[in-house]
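# Need a 3D model of the sequence below.
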Amino acid sequence: MTISGVIRRESKTDPRPAYQTGPRWSTKQKQLLIDSILRDLDIPKFYLRVLADSKFEYEVVDGQQRLRAIWEFAHNDYKLDKNADLLNDETEISGLSYQQFSDDLKDRFNEYQLDIVELHEASQEDVEEMFLRLQNGTTLKAAEKRNALPGNMKKFIRKLAEHEFFTHCGFENKRFQFQQVAAQMTCLALNGGPSNIKNTELEKMYLENLDFDENSAEAKKIQRVLNFLNTAFPQKTPELFPYNVNSLYILVLILLENYAVKGLETDYGNWFLSFEAKRRSEMELPEDER
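Below is the predicted model:
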């Protein structure tokens, strides 16, 4: 397919199905791709899943960052590197946007042929396994890899990461950070309290709970803790970070199982904020005075 064909199909292509990562290429990486295209250099294949019964016609299995770079350049969202070499030793392209291209340069860009593999009638598990295999050797974070693993635990964690509580935390959902913390919380709950929540343990949890029931007693217990935390912190709380959220989660987990704490959510939230303010003020003191 030509680049112009890919651009025409942008609105019909889902660049980020649930197992995919989000945009993460730098402008420099995007510029290098466009430069390679203009110099007629080979770039890797794209893998698209053909969809039926969907508002999209295609789903990007591999090549999302490259497709985004092409679409964004066509929309004039960025320019080529200001230090780009002459094209064919004669044509100046440095610092140009697509809009500033001559007709010949636009033709050269639009008519570049992309190698695309279409996947027809592929199951979700097949596609997600292919995604993992195609990403092998790249710098995917552990949470991004787990997001493409098979089984119900992955689906449960995805759903858990959509809980309103996470939007009140002081960290953003970059590269599946909400899923990372949701997975750690689930691991802590299944182990009944403090335990190893390193990535190797989390992956093991996913694979050992392929048939995990999101309506099970364990799943409901995890939801109850998050509901408690959501009431305790009803608005954006900059003090909440992954390292202390998991500690707060364990504490609520133990409190709910052993004590009557219903109605004390606000007190719990105020206690933490007071504790955190005290801790931070102590950290500003000389070490021997803390």
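
# tell me what the lengthiest helix in the chain is packed against?
Longest helix of the chain, by residue count under DSSP state H: helix 265-283. Secondary-structure packing of helix 265-283 (3 or more C-beta pairs under 8 Å, 6 or more residues apart in numbering; DSSP states H and E): helix 217-232, helix 242-258. C-beta here means a position set from N, CA and C on the backbone, and glycine is covered the same way.

# I'd like the average pLDDT over the last one.
Looking back up the chat, that one is helix 242-258. Mean per-residue pLDDT for helix 242-258: 91.

# same question, the first one
When the per-residue pLDDT values of helix 217-232 are averaged, the result is 94.

# follow-up on the earlier one: could you check the angle the longest helix of the chain makes with helix 217-232?
Helix 265-283 and helix 217-232 meet at an angle of 70 degrees, taking axes from the mean of the first three to the mean of the last three C-alpha atoms, to 10 degrees as the criterion.

# ranges for the helices of the stretch 51-200 of the chain?
Per DSSP state H, counting those that start in this stretch, the stretch 51-200 of the chain carries helices over the ranges 64-74, 103-110, 124-135, 142-146, 152-160, 164-167, 177-190, 199-208.

# still on that earlier bit, mind putting the helices and strands packed on helix 265-283 in TSV, distance to residue 79 included?
TSV is the format used below for these (distance: least, C-beta to C-beta, whole Å):
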stretch	distance to residue 79
helix 217-232	44
helix 242-258	37
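
# TSV please, covering those helices and showing mean neighbour count and distance to residue 276.
Below are those laid out as TSV (neighbours: other C-beta atoms under 10 Å; distance: least, C-beta to C-beta, whole Å):
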stretch	mean neighbour count	distance to residue 276
helix 217-232	17	13
helix 242-258	16	7
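
# And those: which comes nearest residue 112?
Ranking the helices and strands packed on helix 265-283 by proximity to residue 112 (C-beta to C-beta) places helix 242-258 first, at 42.4 Å.

# any residues touching the closest one, and which ones?
Helix 242-258 has contacts (C-beta atoms under 8 Å, 6 or more residues apart in numbering) with 169, 171, 177, 180-181, 184-185, 188-189, 193-194, 197, 221, 224-225, 228-229, 232, 240, 261, 268, 272, 276.

# Show the buried residues in these.
Buried members of the contacts of helix 242-258, scored by 16 or more other C-beta atoms under 10 Å, are 169, 171, 177, 180-181, 184-185, 188-189, 197, 225, 228-229, 232, 240, 268, 272, 276.

# quick one: residue 76 and residue 38, what's the gap?
16 Å (C-beta to C-beta, to the nearest Å).

# more crowded one of those two?
residue 38 (20 against 11; other C-beta atoms under 10 Å).

# which ones are touching that one?
Residue 38 neighbours (C-beta under 8 Å, 6+ apart): 87, 93, 105, 108-109.

# one more time with 7 Å, if that's ok
Counting by C-beta atoms under 7 Å, 6 or more residues apart in numbering, residue 38 touches 87, 93, 108-109.

# ok, so what distance separates it from residue 68?
Look at residue 38 and residue 68: by C-beta to C-beta, they are 18 Å apart.
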